[in-house]
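> Prediction below, plus the sequence it came from.
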Amino acid sequence: MTISFNDIPASLRLPGVYIEFDNSLAGNSPQEFKLLVVGQRLAAGTVAEGVPTRILSANQAEDAFGRGSMLAEMLKTIKGINSFMDVWAIAADDAGAGAAATGTITITGAATKTGTLTLYIAGKKVPVAVAAGDDVTTVAAAIVAAVTADTSLPVTAGNVLGVVTLTAKHSGEVGNDLDVRLNYFDEATPAGIAAAIVAMSGGTTNPDITTALAAMGGEW
């Protein structure tokens, strides 16, 4: 088979390796590449379940499906990697019979020095300011305030006597995989206190995606 080149002459006799790129046909493919993302939405979203929606930005995804929702966070990651891909999303509501996963952070002791308690929830850093003299209830309340302030997190938080309970925003098994940890990058816990973490668990019953599949229709 003869290969023709535009820039390397056929008369070239000098030994070696020669490489030529020809992009004259780039972008002429008849296929239109699209990405479909299916995930759970929050009630705060403006787009209902089962409605195919083209997503142009992470902010649009948050408005459409609720800030901190599974679907909004998936789309935020995708747009951060490739902002030019033609991306569509179809939301699913949580199953009515589903249960949300929970986990706990139990604080013990009282702070003897001022510092920062550094939590990581679903890979996101949640710094918590701790002052010398803070007891378990005060530290736990500060954790709840920090979690509540970051509305992009996939959990909510409550505090009872120094025990912080984290609850996934979605019901279903997805919440069981939410990672909660302390001092991932070897940060120091403020002196005098300790935090014991119980992993997220108890999430049951995933949503039925029949509606989403029907909404795709015959679209490629």
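On my side now, so go ahead. Residues are numbered from 1 along each chain as shown.
> Does the residue nearest the centre of the chain lie in a helix or a strand, and which?
Nearest to the mean C-alpha position of the chain, counting by C-alpha atoms, centre = their mean, stands Glu73 at 4.0 Å. Taking DSSP states H and E as the criterion, Glu73 maps to helix 70-81.
> who touches that helix?
Helix 70-81 is contacted by residues 35, 37-41, 45, 55, 57-58, 61-62, 64-66, 85, 87, 89, 91, 152, 154, 170, 174 when judged by C-beta atoms under 8 Å, 6 or more residues apart in numbering. In this view, the C-beta of every residue, glycine as well, is placed from N, C-alpha and C.
> in this protein, which spans are helices?
Shown for the chain, the helices assigned by DSSP state H span residues 58-65, 70-81, 136-149, 210-216.
> Next, format those helices as JSON lines and append distance to Lys125 and mean pLDDT.
Output for these, formatted as JSON lines (distance: least, C-beta to C-beta, whole Å; pLDDT from 0 to 100):
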{"stretch": "helix 58-65", "distance to Lys125": "18", "mean pLDDT": "97"}
{"stretch": "helix 70-81", "distance to Lys125": "15", "mean pLDDT": "96"}
{"stretch": "helix 136-149", "distance to Lys125": "10", "mean pLDDT": "97"}
{"stretch": "helix 210-216", "distance to Lys125": "32", "mean pLDDT": "89"}
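> Which among those is found nearest to Thr116?
Thr116 lies closest, by C-beta to C-beta, to one member of those: helix 136-149, at 10.2 Å.
> Which other helices and strands does that closest one contact?
strand 100-109, strand 115-121, strand 124-130, strand 155-160, strand 163-171 (3 or more C-beta pairs under 8 Å, 6 or more residues apart in numbering; DSSP states H and E).
> for the ones you listed, which one sits closest to Asp22?
So among the helices and strands packed on helix 136-149, strand 124-130 is nearest, using C-beta to C-beta, at 45.1 Å.
> Show me what the closest one packs onto, helices and strands only.
Using 3+ C-beta pairs under 8 Å, 6+ apart, the elements in contact with strand 124-130 are strand 115-121, helix 136-149.
> Now do the residue nearest to the centre of the chain against Gln40, distance only.
10 Å (C-beta to C-beta, to the nearest Å).
> Repeat that for Ser83.
For Ser83, the distance to Gln40 - C-beta to C-beta - is 23 Å.
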